[in-house]
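> with the input below, show me the fold.
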Amino acid sequence: MKNLWLHLKPKNIFFYFLALVLLSCFVIFSTVNERGRLKPRVFERPRLTVQYKINCTAIYEMDPVELGKTLAIRNQKSYVGPNDEAVVNSTSDCDQFMSQGYDMIQGSEFEREFPLAYSLVVHQDAALVERLLRAVYMPHNIYCIHYDLKSSDDFISAMKGLARCIPNVFIASNLERVQYAGFSRLKADLNCLSDLLDSEVKWKYVINLCGQDFPLRTNAELVSDLKELKGRNMVESKWPGGKQWRWTYHHLLKDSNSEYYSSPVITSEMKSPPPHNIAMFVGSAYFTLSREFVFFVNQSSLASDFLAWSEDTFSPDEHFWATMIRVSGVPGEVPSSDPEISELASKTRLVKWWSLEERFYPPCTGVRVREVCIYGSAELRWLLNYGHWFANKVDPKVDPVLMECLEEKLAEKRLQREV
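Numbers count the residues shown, from 1 in each chain. As a prediction, this is how the structure comes out:
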C-alpha cells in the first residue's frame, strides 16, 4: 500500500480523497431523514430457508433430506429473532416501515366486500406479533391490539408503534392486567370487541388471536369459508363434564393485600346458579363470531348478567362463549339440544393436545408444553390440509423453518389467485 501511494501523482491523490469524501457523505445522508436524525433500521429476520437452501415444497412433500435439515437447525438452538427494541426502532419512521411490504398488500373486490375484524390479546415478543399481523393484514380489515399491562415497556412501545404506523390497527381503549385463567382474559377480548363495534369498518366476523397463532388460510380462503356459515358462529361448545367445579365455587382473584394471584384460587364458598337458568357449556377461549352476535352480547342484559356472574369463576373465557352461543334467540344460535361442537369440529383454531395424539392427530414433531404441541416442520402438510383456519402454537424459537414455509405456501396461494 505504501508503494502505491509513492507512485500516485498529487492530482490523482486529490481525486482519490474526493471520492472517499463523497462516498462517506452519501452513506451519512442515506441514513439520515429530513429532520436530520438517523433513519431507523428496519429489523430483519433470519431467512433460514435461504441460508440453508431449504425447499418448502419438499418439506410439504415430507422429503426426509429436507426435514433432516430442519432438525439440524433446531438442534443448534441458535435462532435469535428481532427483539422488542428493534420493532420500536423500525416503527419510529412509519413511511419506511410500511414500505417493507404493508403498502403492497391489497385484497380483491370479493374480499373487500366482506371485511373482517381481529382481536389480538398479546403480552410479549413484538416481532412475533408483527409477523402474525403481517400474515393476516388487509387494508380493508380492522385490528384491535390488547397488550397486557404487565408487559415490558419496550413491548408496549412496539405495540403502539405498530398501531401508529399500520392503517386500521389500533390499541384497545381499555387495557387489563391479564391473569392466567382469570376474568381479565375474557375482559381483554370484550374490550376489543366493544371498540371494534364502534369502528367505521363494518366487519362481518371477528376472530381473536394470541401471539403464538398463525394463519393456515389466505384471507380470500377465510372469507369463502365464513360466507358459508351464513351468520352462524364458529365456537367450540361441549357439555361441562368434570369442569363444573369452575363455576360451582367462588374463586378469589386477589389476596388480602389486593395483589393478584398467579391464577384464581378456589374457595369452599358455593356460588348461586347461573342467571336466567342458563345451561352451561364449555369450550375454548378462541372464537369466530358474527357481528350480529357480538352486538347482542354487547347490548343484552342477559349477557351482562351472565358476565357479572362469571367474574369469580375459573377461566370464564372457556365457558362464556361456549354457553352464550347456546342461548335461545341469540344470532346464529346453536340449540342446546344440538350435538357437542368439539375442537375437531370448530375450525377456528387447530390445537394438538397430547391426549388426542395418535387417536385424532399424528404425533407432535415439535415440542410439548403443558400437553400442547408447539409444531415442527414435519407438520406443515398436516396443518395446511386439516381444514382449520389458524394454528396454535407456532414459535420460531422451537422451529423457525415451519413459520417461513407457512408464509411461503400462503404467498403462493395468494399469487395463484391473482393470476
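> what ranges do the strands span in the stretch 201-350 of the chain?
For the stretch 201-350 of the chain, the strands defined by DSSP state E, counting those that start in this stretch cover 205-209, 213-215, 249-254, 260-270, 288-290, 349-350.
> JSON lines please, covering those and showing distance to residue 149, mean pLDDT and mean neighbour count.
The way it works is simple: take the backbone N, C-alpha and C, and place the C-beta from them, glycine included. Formatted as JSON lines, those follow (distance: least, C-beta to C-beta, whole Å; pLDDT from 0 to 100; neighbours: other C-beta atoms under 10 Å):
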{"stretch": "strand 205-209", "distance to residue 149": "18", "mean pLDDT": "98", "mean neighbour count": "24"}
{"stretch": "strand 213-215", "distance to residue 149": "21", "mean pLDDT": "98", "mean neighbour count": "23"}
{"stretch": "strand 249-254", "distance to residue 149": "15", "mean pLDDT": "98", "mean neighbour count": "17"}
{"stretch": "strand 260-270", "distance to residue 149": "11", "mean pLDDT": "97", "mean neighbour count": "13"}
{"stretch": "strand 288-290", "distance to residue 149": "25", "mean pLDDT": "98", "mean neighbour count": "24"}
{"stretch": "strand 349-350", "distance to residue 149": "25", "mean pLDDT": "96", "mean neighbour count": "24"}
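> mind listing what residue 227 touches?
Listed by C-beta atoms under 8 Å, 6 or more residues apart in numbering, the contact set of residue 227 reads residue 114.
> next one: it from residue 206, what distance?
Residue 227 sits 15 Å away from residue 206, taking C-beta to C-beta, to the nearest Å as the criterion.
> look up how far residue 248 lies from residue 417.
To residue 248, residue 417 is 50 Å away according to C-beta to C-beta.
> and the residue nearest to residue 91 when sequence neighbours are not counted, what helix or strand is that in?
In this structure, residue 91 finds its nearest non-sequential neighbour in residue 161, 2.9 Å apart by C-beta to C-beta, 6 or more residues apart in numbering. Per DSSP states H and E, residue 161 falls inside helix 153-165.
> low pLDDT regions in the stretch 1-150 of the chain?
Applying pLDDT under 70 to the stretch 1-150 of the chain flags the ranges 1-42.
> can you classify residue 194 by secondary structure?
With DSSP: H, G, I helix; E, B strand; the rest coil as the basis, residue 194 sits in helix.
> what's the pLDDT at it?
Residue 194 carries a pLDDT value of 98.
> that one and residue 295 touch, don't they?
No. Look at residue 194 against residue 295 with C-beta atoms under 8 Å: they stay out of range, at 10.3 Å.
> let's verify residue 106: helix, strand, or coil?
coil.
> and it, how many residues sit next to it?
11 (other C-beta atoms under 10 Å).
> kindly report the same for the one 10 residues further on.
The local packing count at residue 116 equals 22, with neighbours defined by other C-beta under 10 Å.
> now residue 344
Neighbour count for residue 344, taken as other C-beta under 10 Å: 14.
> isn't it up against residue 353?
No. Applying C-beta under 8 Å as the test, residue 344 and residue 353 come out as separate, 10.4 Å apart.
> domain ranges for the protein, per the record?
1-30, 47-79+351-419 (automatic domain parsing).
> any chance of the ones you listed in CSV, with mean neighbour count and distance to residue 128 too?
Converted to CSV, those look like this (neighbours: other C-beta atoms under 10 Å; distance: least, C-beta to C-beta, whole Å):
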stretch, mean neighbour count, distance to residue 128
domain 1-30, 9, 30
domain 47-79+351-419, 17, 7
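> possible to save those domains as a markdown table with distance to residue 189?
What follows is those, written out as a markdown table (distance: least, C-beta to C-beta, whole Å):
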| stretch | distance to residue 189 |
| --- | --- |
| domain 1-30 | 44 |
| domain 47-79+351-419 | 15 |
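> select, out of the ones you listed, the one closest to residue 338.
Of all the domains of the chain, it is domain 47-79+351-419 that lies closest to residue 338, at 20.3 Å by C-beta to C-beta.
> how far off centre is the closest one?
16 Å (C-alpha atoms, centre = their mean, to the nearest Å).
> residues near residue 169, how many?
Around residue 169 there are 20 residues (other C-beta under 10 Å).
> and the gap between it and residue 242?
Distance from residue 169 to residue 242, counting by C-beta to C-beta: 40 Å.
> gap between residue 200 and residue 175?
For residue 200, the distance to residue 175 - C-beta to C-beta - is 22 Å.
> the two: who's more crowded?
Between residue 200 and residue 175, counted using other C-beta under 10 Å, residue 175 has the larger neighbour count: 18 against 6.
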